[in-house]
Structure formats: C-alpha cells, structure tokens
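Visitor: fold the following and give me the result.
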Amino acid sequence: MKKLIFSLALLLLVPTFTQAQESNPLQPFEFLIGGTWSTETTVQTFEWGVGQKSVHSKLYFINAADTTLNGEITWFWHPGEQAIKGYGHLLSDQISFFDYSTEFENPRWMNNQVVGFNNQPNGVNIFESIEFIGDDEYRWTMYSRVLDELKPEISIVFNRKN
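Guide: Alright, predicted model coming up:
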C-alpha cells in the first residue's frame, strides 16, 4: 500500500516539476535575440546563454575607422532573489560596472533599475527602459530623477538588421 501511495504521489509531482522547468523567467528577452540592433553610432547584439539560462549582450561603438567592442551585459534568473539580475562592464571613465535589476512590465516593456560603479564604493542609481515598438525596433530611454519623478533624459531608437 505504501508503494502505491508513493507511486501516485510521484506521478502527481512529475508534471508539476516538468512545468516548473519549462517556464523560463528570461523568455521576455526572446524579442531581442537574433540579428544586430543598430543606431548610427552603436551596434548591440543579444544571444542566449547555455540552456537559455542567461542572455548575453554586447555593445559596439562605431566610429570612422572601425567598430569597437565597448561593453557587455549578462542577465540571468537569480533563484535566491527570485528576480532577473544582470551584470555588465563598459569601457568608460565615468561608470565601468553595472548591477542590473530587470523587470518586464508587460511583454513589450522592460524596466532596468541599475546601480553604476567606477572606483568608488557608492554607486550611481540609474533607471532605464526598453519599449519594443515593432518587430525590429525598440526605444531605449534613460531617466533622471527630478524631485520624486522620473523624467526622460536620453531616448534612442534601435533597429534590427539581420
């Protein structure tokens, strides 16, 4: 009888475990994966990491002579925090390390609360969003805090080229 109850319990748990494995909290990034996203001065790429357990992004700057890798970010699901986290580096004198906390407001809107660091122990708080405008277009916006409100400071549209 104990074996029968154990077997039934196991059968009931297997579908739940399989469903949990199938849901990927990083799935909203699917929109960004593939091709290159460009402006006149930058190129950005997004690709899945192993098993779609992370997303890797690279940022290149375009100048008259060449295209240079200038930064990279890796996002992942943090099981302890139950949140999407990201860490990145940028070749910059002002801010060189970024700690991302990312949420998808809906399937077409991504919010990033970022703390940027350089050689100081206290970071700079940054808020940015990505709005998916069309299948091959998104708007990146960085906000500044004015009193208790976020005001758009910089907004750039990226287009995908395959």
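Visitor: host element of the most centrally placed residue in the chain?
Guide: Centrality entry for the chain: nearest residue to the mean C-alpha point is W75, 5.2 Å, by CA atoms, centre = their mean. With elements taken from DSSP states H and E, the one containing W75 is strand 67-78.
Visitor: give me the residue ranges of this structure where confidence is low.
Guide: Along the chain, the model assigns pLDDT under 70 to residues 1-22.
Visitor: still on that earlier bit, direction included, what does the strand holding W75 pair against?
Guide: Strand 67-78 pairs in its sheet with strand 54-62 (antiparallel), strand 83-90 (antiparallel), by DSSP bridges.
Visitor: tabulate these (TSV), appending mean neighbour count and distance to V115.
Guide: All C-beta atoms are positioned from the backbone trio N, CA, C, and that covers glycine. Conversion of the strands paired with strand 67-78 to TSV gives the following (neighbours: other CB atoms under 10 Å; distance: least, CB to CB, whole Å):
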stretch	mean neighbour count	distance to V115
strand 54-62	17	18
strand 83-90	16	11
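Visitor: may I see those strands arranged in JSON lines, with distance to G35 as well?
Guide: Output for these, formatted as JSON lines (distance: least, CB to CB, whole Å):
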{"stretch": "strand 54-62", "distance to G35": "13"}
{"stretch": "strand 83-90", "distance to G35": "20"}
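Visitor: closest one to N106 among those strands?
Guide: strand 83-90 (14.6 Å; CB to CB).
Visitor: and the next helix or strand past that closest one?
Guide: Per DSSP H and E, strand 83-90 leads on to strand 97-106 as the next helix or strand towards the C-terminus.
Visitor: wait, E153 touches V146, no?
Guide: No: E153 lies out of contact with V146 (CB atoms under 8 Å); the separation is 9.5 Å.
Visitor: which one's more surrounded, the two?
Guide: Between E153 and V146, counting by other CB atoms under 10 Å, E153 is the more crowded of the two (14 against 9).
Visitor: leaving out sequence neighbours, find the closest residue to the more buried one.
Guide: S144 (4.3 Å; CB to CB, 6 or more residues apart in numbering).
Visitor: same check, this time on I154
Guide: Ranked by CB to CB, 6+ apart and with sequence neighbours excluded, the top spatial neighbour of I154 is M142, at 4.6 Å.
Visitor: the one you found bridge partners, please.
Guide: Beta-bridge partners, per DSSP bridges, of M142: E128, I154.
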